[in-house]
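Novice: mind folding the following:
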Amino acid sequence: MAAYAVCVRDGRILLARSPAPDGTPEWVLPGGGMEHGEDPYDTVRREVTEETGYRIRVTGLLGVDSRRHHFPGQGLTPATDHQALRILYEGEIVGGELRHEVNGSTDFAAWQELDAVPGLNRIRLVDVALRLWRERPADGRLEDRPLPQEMNEE
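Specialist: Below you'll find the model as predicted:
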């Protein structure tokens, strides 16, 4: 389980840069995994501060992204069935100064123009979060989300 923030101001979104498994840098939302016993509300505030230097006020719950991934086994590594549950919040910057994370999961943080996001090398969650932020569905789910049986075919 993880919690992420969508922080938008002046037509720009706050993103962090993280290395993909192949080492290529990709843009991600500030956020990350919950510590044992931690509330997701506290997780998102802690993670944004760790990755960007900013303190945020959570202004709303945008939705939940749930994805199931099947990873085939290789050699002595068995196949795994993994589910990612990511809670997406809207956040407003209330303090701190932009800085980059040192020795963490990200190495750079920056404001990116909303119009430029489609051209960035980014993870899928950035697109999901922006759609939730723009559309604000009452149930926190996107209409074209695959049904559970379709998820097994990914």
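
Novice: rest of the way, CA atoms for contacts and neighbours
Specialist: OK.

Novice: against residue 35, how distant is the residue most central in space within the chain?
Specialist: For the chain, the residue nearest the mean C-alpha position is residue 29 (4.0 Å; CA atoms, centre = their mean). According to CA to CA, to the nearest Å, residue 29 stands 18 Å off from residue 35.

Novice: mean confidence for stretch 132-139?
Specialist: Regarding stretch 132-139, the rounded mean pLDDT is 93.

Novice: where does this structure dip in pLDDT?
Specialist: In the predicted model of the chain, residues 144-154 satisfy pLDDT under 70.

Novice: can you map out the helices along it?
Specialist: For the chain, the helices defined by DSSP state H occupy 40-52, 124-135, 148-151.

Novice: compare these and give me the one nearest residue 80.
Specialist: Closest approach to residue 80 among the helices of the chain (CA to CA): helix 148-151, 14.9 Å.

Novice: most tightly packed of the helices of the chain?
Specialist: Burial of these is given as mean neighbour count (mean count of other CA atoms under 10 Å); helix 40-52 ranks first at a mean of 22.

Novice: coming back round to it: would you reformat the helices of the chain as JSON lines and include distance to residue 100?
Specialist: Compiled in JSON lines, those are given as follows (distance: least, CA to CA, whole Å):
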{"stretch": "helix 40-52", "distance to residue 100": "6"}
{"stretch": "helix 124-135", "distance to residue 100": "19"}
{"stretch": "helix 148-151", "distance to residue 100": "35"}
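
Novice: ok, and for stretch 118-125, which residues are buried?
Specialist: Using 16 or more other CA atoms under 10 Å as the test for burial, stretch 118-125 gives 122, 125.

Novice: can you give me how far that stretch is from the chain middle?
Specialist: Offset of stretch 118-125 from its chain centre (CA atoms, centre = their mean, to the nearest Å): 11 Å.

Novice: may I have that stretch as CSV, with CA atoms only?
Specialist: Taking C-alpha atoms only, stretch 118-125 is exported to CSV below (Å, rounded to 0.1, in the frame of the first residue of the first chain):
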residue,chain,number,x,y,z
PRO,A,118,2.4,13.8,-22.0
GLY,A,119,5.9,14.2,-23.4
LEU,A,120,7.7,13.1,-20.2
ASN,A,121,9.0,9.7,-19.6
ARG,A,122,6.6,8.9,-16.7
ILE,A,123,4.9,6.0,-14.9
ARG,A,124,1.3,5.2,-15.6
LEU,A,125,0.2,6.4,-12.2
